[in-house]
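Asks: build me a model:
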Amino acid sequence: MESVPGSVSQIRECSYRLQQLSKQTGITIILVGHITKEGDIAGPKLMEHIVDVVLHLEGDRQYNFRLLRCVKNRFGSTREIGIYEMKGMGLVPVENPSEWLIPADHNHRASGSCIALVCEGFRPFLIETQALVSTAVYGTAQRSTSGYDIRRLHLMLAVLEKRCGFFFGNQDVFVNVAGGLKVSEPAIDLALAVALVSSLQDIPVPRDICFAGEVGLSGEIRPVQQLDKRIAEATRLGYKKIYIPASGNIDIPPSYTTVVQVRLLREMFEQVFG
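Replies: As a prediction, the model looks like this:
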């Protein structure tokens, strides 16, 4: 083609010819490219329509964990996820990610740290959510996140101030999801709210409890999916108590973990910090 190498027309034509070659010979072809900051494939969107499967390999360069997400799949579900660890022999599957992403010492108690039960696809695991709230040194308070949406943090702070009476206006707020993961599932909201209040009041949260729930704008705790799998994961790892949304009839599986259903953030704070 006469167009410049790397142009839209060239990428489209190369993708089409590789697709025809794959269908004629039965060879599986993997196209490797990079993505933009928004998470889209760099190049024409048409390439995603030509291929059968689109996979994203994500991870922080400071950590050894990598997540393989499926964005498009003509042959199955896109809700599956693979978790891998980089070793000398290459990427090795992580069988029990919860044991890697949470601290092993349950006796260590520090304010601003809380355990969240999240689901990536159909796979539940526990991660540590950390928050640091301190008095702002400069005029404007800072807001910084790692692994969590900064806009979601602003929303959470507004709900805590308006519905629960906690003031963060003159406080610097820093949020971190341990392990270098990026979590977009709203079920992490409940653990983040507890971590923020814990750091603000400097009250540690017991290490043997975990949280799963979405926080609404009116301060209510909204339901999340796959609660049975989350409770089973918390039981398997020996957690004594899990806080979940109170949303009608929930089929709670029998376990040694105490399941506490809460409707409002204010009620939950009274139970956790009361």
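Asks: low pLDDT regions in the stretch 51-200 of the chain?
Replies: The stretch 51-200 of the chain contains residues with pLDDT under 70 at 60-63, 103-108.
Asks: show me the helices in it, by range?
Replies: Taking DSSP state H, counting those that start in this stretch, the helices of the stretch 51-200 of the chain run over residues 97-101, 150-164, 189-201.
Asks: name the helices or strands packed onto the shortest one?
Replies: Applying 3 or more Cβ pairs under 8 Å, 6 or more residues apart in numbering; DSSP states H and E, one finds that helix 97-101 makes contact with strand 123-135. In short, each C-beta sits where N, CA and C put it, glycine included.
Asks: just the helices of the stretch 51-200 of the chain: most buried one?
Replies: Highest mean neighbour count of the helices of the stretch 51-200 of the chain: helix 189-201, a mean of 25 (counted as mean count of other Cβ atoms under 10 Å).
Asks: residue 81 is nearest to which of the helices of the stretch 51-200 of the chain?
Replies: The stretch from those with the least distance to residue 81 (Cβ to Cβ) is helix 97-101; that distance is 9.7 Å.
Asks: need the residues that contact that closest one.
Replies: Under the criterion Cβ atoms under 8 Å, 6 or more residues apart in numbering, residues 65, 83, 85, 94, 123, 125-128, 178-179, 181, 233, 237 lie in contact with helix 97-101.
Asks: 7 Å - rerun?
Replies: Helix 97-101 is contacted by residues 83, 94, 125, 126, 127, 128, 178, 179, 233, 237 when judged by Cβ atoms under 7 Å, 6 or more residues apart in numbering.
Asks: distance to residue 16 and neighbour count added to those residues, as CSV?
Replies: Output for the contacts of helix 97-101, formatted as CSV (distance: Cβ to Cβ, whole Å; neighbours: other Cβ atoms under 10 Å):
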residue, distance to residue 16, neighbour count
83, 34, 21
94, 37, 19
125, 40, 23
126, 45, 25
127, 41, 25
128, 46, 19
178, 44, 17
179, 40, 18
233, 44, 24
237, 48, 18
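Asks: ok, the spatially most central residue of the chain - contacts?
Replies: Most central residue of the chain, judged by C-alpha distance to the mean C-alpha position with Cα atoms, centre = their mean, is residue 183 at 1.8 Å. Residues near residue 183 by Cβ under 7 Å, 6+ apart: 118, 127, 147, 148, 177.
Asks: what about it, distance to residue 114?
Replies: According to Cβ to Cβ, to the nearest Å, residue 183 and residue 114 sit 13 Å apart.
Asks: need the contact list for the closest residue to residue 269 other than its chain neighbours.
Replies: Counting by Cβ to Cβ, 6 or more residues apart in numbering, residue 197 is the residue found nearest to residue 269 once chain neighbours are left out, at 6.2 Å. Contacts for residue 197 (Cβ under 7 Å, 6+ apart) come out as 160, 166, 269.
Asks: dump those to TSV, plus distance to residue 246.
Replies: Conversion of the contacts of residue 197 to TSV gives the following (distance: Cβ to Cβ, whole Å):
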residue	distance to residue 246
160	20
166	22
269	15
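Asks: which one of those sits closest to residue 210?
Replies: Taking Cβ to Cβ as the measure, residue 210 lies nearest residue 269 of those, at 16.0 Å.
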